[in-house]
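Trainee: take this sequence and fold it.
(chains A, B, C and D)
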Protein chains: 4
Amino acid sequence: MSNTIGTRYRFTIWGQSHAPAIGVTIEGLPAGFEPDMDALAAFLQRRAPGNGPFSTPRKEADAPEFIAGLVDGHTCGAPVTALIRNTNIRSADYDALRRIPRPGHADYPAYVKYGDARDVAGGGQFSGRLTAPLCIAGGLALQLLAKEDVSIRARIVSIGGESEPEAMQRRMAEAKAAGDSVGGVIECICEGVPAGLGEPMFGGMENRIAQTVFGIPAVKGIEFGAGFAAAAMRGSENNDPYYYDAEGTVRTRTNHAGGILGGITTGMPIVFRAAVKPTPSISAEQDSVDLLSVRNAKLSVQGRHDPCIVPRAVPCMEAAAAAAVYDALLESRG
Amino acid sequence: MSNTIGTRYRFTIWGQSHAPAIGVTIEGLPAGFEPDMDALAAFLQRRAPGNGPFSTPRKEADAPEFIAGLVDGHTCGAPVTALIRNTNIRSADYDALRRIPRPGHADYPAYVKYGDARDVAGGGQFSGRLTAPLCIAGGLALQLLAKEDVSIRARIVSIGGESEPEAMQRRMAEAKAAGDSVGGVIECICEGVPAGLGEPMFGGMENRIAQTVFGIPAVKGIEFGAGFAAAAMRGSENNDPYYYDAEGTVRTRTNHAGGILGGITTGMPIVFRAAVKPTPSISAEQDSVDLLSVRNAKLSVQGRHDPCIVPRAVPCMEAAAAAAVYDALLESRG
Amino acid sequence: MSNTIGTRYRFTIWGQSHAPAIGVTIEGLPAGFEPDMDALAAFLQRRAPGNGPFSTPRKEADAPEFIAGLVDGHTCGAPVTALIRNTNIRSADYDALRRIPRPGHADYPAYVKYGDARDVAGGGQFSGRLTAPLCIAGGLALQLLAKEDVSIRARIVSIGGESEPEAMQRRMAEAKAAGDSVGGVIECICEGVPAGLGEPMFGGMENRIAQTVFGIPAVKGIEFGAGFAAAAMRGSENNDPYYYDAEGTVRTRTNHAGGILGGITTGMPIVFRAAVKPTPSISAEQDSVDLLSVRNAKLSVQGRHDPCIVPRAVPCMEAAAAAAVYDALLESRG
Amino acid sequence: MSNTIGTRYRFTIWGQSHAPAIGVTIEGLPAGFEPDMDALAAFLQRRAPGNGPFSTPRKEADAPEFIAGLVDGHTCGAPVTALIRNTNIRSADYDALRRIPRPGHADYPAYVKYGDARDVAGGGQFSGRLTAPLCIAGGLALQLLAKEDVSIRARIVSIGGESEPEAMQRRMAEAKAAGDSVGGVIECICEGVPAGLGEPMFGGMENRIAQTVFGIPAVKGIEFGAGFAAAAMRGSENNDPYYYDAEGTVRTRTNHAGGILGGITTGMPIVFRAAVKPTPSISAEQDSVDLLSVRNAKLSVQGRHDPCIVPRAVPCMEAAAAAAVYDALLESRG
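Mentor: Have a look, this model is predicted:
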């Protein structure tokens, strides 16, 4: 069972790109919490389609409707369910995909797994659209973490291999002009996280964050702190020396550990970077197969697509981190 | 709860570096399976300490004792419990660490989390020694996967930033001579994995493998297929074109996806790389803090340590991958 | 986390009596399954309020709306979410209950647990209304079990201590006339269940069915086969002798075990009985406390209530059994 | 996966009756807890075989050996593993059972489930002997609960239908003389449990206690408070009226609810009764089947058996209740 994550802040995401609705059911929200709906809407807006020159022109209000768990605007201890209606459905675009899987998409694995019953429209349950309910769960976690002085911010580190803003813009513009797409790297920093969160072995913060972040389509790698660069270092270089700061708090002079040692937070900021592959939907003709005639085939993907989903993935990264951190925070109190 | 992983092939690892024993309890092994104990011993031997010039001189037979779940050498449907006695315990080495946490180790987070009750000897439950029971669980999974024509092999890609064997050896020798340590990158390839394994969203193969692999101490990053390199590619470059091979099987011409799309296996080899940081135990003096006197302090780590744990981490990577893949394989049949 | 149950057929129930909606999200439905919506509606109708002289006059269409997981009327492999809108909300009836908890209801424990944030309207998340989504999950399981020749039927064994139909009716009529309520015992029989389902120890069929059935409000006891009567028997009397029937199938001459030994099904019908307490909502004045003034108080419950919920609990028992049996059936195949 | 239970106080029981060992791994014990090993031994002794005239003459020291999780006699935050060596193994007694399943035992379901690979010796993993590790986990929970002023005591309510001590003794003596066995009912009372424990729906205290108690072999029914008797009551009779006691605590004048409403504790004692069937091992000849020749057969069970296991089940009931209550207590703090 795959659509549920978390032990104390636990949520189940459901829906498909072109189903009547997508949504999330959340257990573990404290009773009496009043979500700031405007802040949540603003957070979701950062992820919503149709907001920039490099985003799909599909327009969805993406306004969450809370249908359970709230009374007079506050949580009551019952699970919270929020849904987003899918208003802008163009299923006809996807009929051809039933025969010819798009390279780089989940179309072919979905065919193997679910056969003809699979939902091909808009990528079905594999659509990036399912990150909207992730952002609801994560957005509420962000609000709760803010009350604990934990803040989480992600930013784009590089796009198409370029790390300068201007060069990044150029890469995206080039990709759009070419009917192509381009990927990037996002860095996420969680500040104010208390030391001692996470569990040893498989319940460590790296395990949890990784398990959540790989739930965002297109993520193909994650590294914490110095990450892959640490593999080229000496221990004397990578180890973060401890010291007491003016307030008597133990801190480290560097943060190559990314705030996590042995799976447990050190009190330094949690830092991770995720690799986002270029969205596989491109207009150029590609080699594929015809599953019906069992022959090789050519495919040109039509429809509305983002030449670069990296900007929209930024709040998703914050949402994933917030969900994992808040889950561990609740766990640390039990 | 952190020491348990898996949904259908589920195991719980327990023990500390200097406890009477470390071990594992495994649920989900099919009844009637006869483990090849020689093959398992050989697999564990690859991970065992004391086997090479760059490994800790601590000698442990690491011979697993199966105390439950087997009858006449085969599984009977009951959970299987195997333990390894810790025979070579030198707790006295670690008394100073109770006051002064080693940079890069879990000592300080463990202090925050468990206070004075924590087990400091040999790293306690955070010790790399706990990868021995992981290798028992993974080693049995490897044997079961072999019956399904799935083979998993890991290899060292680089050490200290060098990828040529000779240069890697030199990096290790230099680190040893300097009382320092050095990290590396390991690549793991799972061949013969059928298409359709894994679940969408948080139950994908990337999620599962990452959650397991980050259970190996010192892992700071993971990437699948092209991984971070994909973030610099165009979609037209990164997408793996499909074709029918001579047997009528759908395959891809490249494997930038690392055998996984949408979390589900494509039938191509699963490929991932993990970054292993340099082991934090070095003999050079380091800056740390004295938790008792609440003052900055200097630390020189004594004791037996590996200047490079990367070679011993290779079978651990195979074990982690095997456990995750076998778990998904069982799940795909339910 | 309490609103989720099941390992392979897993569902999460959410909503409160007077929230905008109640509903359920189900994972584990096989892809390609076409629910018979008419049969499901008929099944839900057996549980719905307003259908008999002893049922609450609250009228709810209780028509489930499937908002995710179906494509063209069949499952697609994604989680299925169905909701029921709460159309007939009279929250004003419940304002007094905020101060004075109803004896026998969850009002007081909910106050202790959630404080002023709790949802008091209609019992909030503790309402018997939440059995409607249970009946959706169970009703779909019943349809899938029917394809495997498993049938599940529950019936009323006694009401108010009477086991004759006429006497049962009289007890209900008397209770209604007195503004009182009356409980009863329901027996559920699952026929066609293959031998070998369930797991040892805590995953046995008794464990699973009990865990599910106690999710139905007002259930205070459960027994399997001879149950409490077995406690008064000799082993020679209670043991069910085996024999081969004409088809060569192992059967037992009696079924005191209720089809379960060691937690595993024997191939004989699963038989259990559940005790349903009288619904606590009665119009007679009762002793309670005023949580605001911290004084003893009197309470007369107004509003719409069932003098006997036992008839409506019958399909709930079938739903709970179906969910648990189908879950174990899927598990046995994995 | 069946041998694990609990969300915050979680343990996995493993072993078979005649395996080298049986044991338990426990997660969730607070770091720094010093188990009273003498008290634990005394508790285990109440369950151990060979202690009374109606108990099996099999002698086992049942002394637990803690091989992980303790340092200098206290917990360190790592999982705790304890094992009991099986010293008195007489596997030869059980060879005939491979062909002819004992009525009332799990032999036949185990055959269906695991085939020839099953462990028949002493009932394998279905043996009542597995309640010893349950008593380790529960015994430690009892010690931790005592620190919170929660006490749990079970007692025999009836044996063979008799509730007077003398008559109970007579029933057991008669059964023993006849080579037969006899069952009974045990009542368990948990005092000092704070109000507000448990979760709604499937995480209620009744659900948890039932799921745990049905893990004890031979339990065929459970009821809370008035239980089945409540089904014959009027609501006005069954409802427990609230009042403030002298200390200003809300209490109920009666406790028909057994301390649980809506799955949540009320602050009144948790009261439940469990029906224990007569142990199926009797010396009288019984009808069974020969699974090899596929013919009906006669069976006379040899070996060492208890004519009445009810006295030994009393501490098991306390252990099960303690584990469930402590789990909920931890959960309520998270």
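
Trainee: check what pLDDT the closest residue to A:Gly160 other than its chain neighbours gets.
Mentor: The shortest distance from A:Gly160 to any residue that is not its chain neighbour, by CB to CB, 6 or more residues apart in numbering or on different chains, is 3.3 Å, and that residue is A:Arg171. Using the backbone N, CA and C atoms, a C-beta is placed for each residue, glycine as well. pLDDT, A:Arg171: 96.

Trainee: A:Gly124 now?
Mentor: So A:Gly124 comes in at 92 (pLDDT).

Trainee: report how many residues lie close to it.
Mentor: Applying other CB atoms under 10 Å in any protein chain shown, we find 27 residues neighbouring A:Gly124.

Trainee: OK, contacts around the residue nearest to it when sequence neighbours are not counted?
Mentor: The shortest distance from A:Gly124 to any residue that is not its chain neighbour, by CB to CB, 6+ apart, is 4.5 Å, and that residue is A:Gln16. Neighbour list for A:Gln16: A:22, A:119, A:121-122, A:124-125, A:127, A:130, C:68-69, C:71, C:76, C:78 [criterion: CB atoms under 8 Å, 6 or more residues apart in numbering or on different chains].

Trainee: helix, strand or coil: sort out the residue nearest to A:Gly225 when sequence neighbours are not counted for me.
Mentor: The spatially closest residue to A:Gly225, leaving aside those adjacent along the chain, is A:Gly258, at 2.7 Å (CB to CB, 6+ apart). State at A:Gly258, reduced to three classes by DSSP: H, G, I helix; E, B strand; the rest coil: coil.

Trainee: surely A:Gly258 meets A:Phe228?
Mentor: No: judged on CB atoms under 8 Å, A:Gly258 makes no contact with A:Phe228 at a distance of 12.0 Å.

Trainee: intersection of neighbour lists for the two?
Mentor: Counting by CB under 8 Å, 6+ apart, the contacts common to A:Gly258 and A:Phe228 are B:Lys220.

Trainee: still on that earlier bit, export the host helix or strand of the residue nearest to A:Gly160 as PDB, just CAs?
Mentor: Remark: A:Arg171 resides in helix A:165-177, with elements defined by DSSP states H and E. Taking Å, rounded to 0.1, in the frame of the first residue of the first chain, the C-alpha atoms of helix A:165-177 are listed here in PDB:
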ATOM      1  CA  PRO A 165      19.400  32.800 -12.800                       C
ATOM      2  CA  GLU A 166      19.900  34.200 -16.300                       C
ATOM      3  CA  ALA A 167      21.300  31.000 -17.600                       C
ATOM      4  CA  MET A 168      18.600  29.000 -16.100                       C
ATOM      5  CA  GLN A 169      15.900  31.100 -17.700                       C
ATOM      6  CA  ARG A 170      17.700  30.700 -21.000                       C
ATOM      7  CA  ARG A 171      17.800  26.900 -20.700                       C
ATOM      8  CA  MET A 172      14.100  26.900 -20.100                       C
ATOM      9  CA  ALA A 173      13.300  29.200 -23.000                       C
ATOM     10  CA  GLU A 174      15.500  27.100 -25.300                       C
ATOM     11  CA  ALA A 175      13.800  23.900 -24.200                       C
ATOM     12  CA  LYS A 176      10.400  25.500 -24.700                       C
ATOM     13  CA  ALA A 177      11.300  26.700 -28.100                       C
END
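
Trainee: distance of A:Asp149 relative to chain B?
Mentor: When CB to the nearest CB, to the nearest Å is the yardstick, A:Asp149 and chain B sit 17 Å from each other.

Trainee: sec struct for the closest residue to chain D within the stretch 1-150 of chain A, please.
Mentor: Chain D sits closest to A:Arg8 of the stretch 1-150 of chain A, with a gap of 5.7 Å, by CB to the nearest CB. Under the three-state scheme (three-state DSSP), the conformation of A:Arg8 reads as coil.
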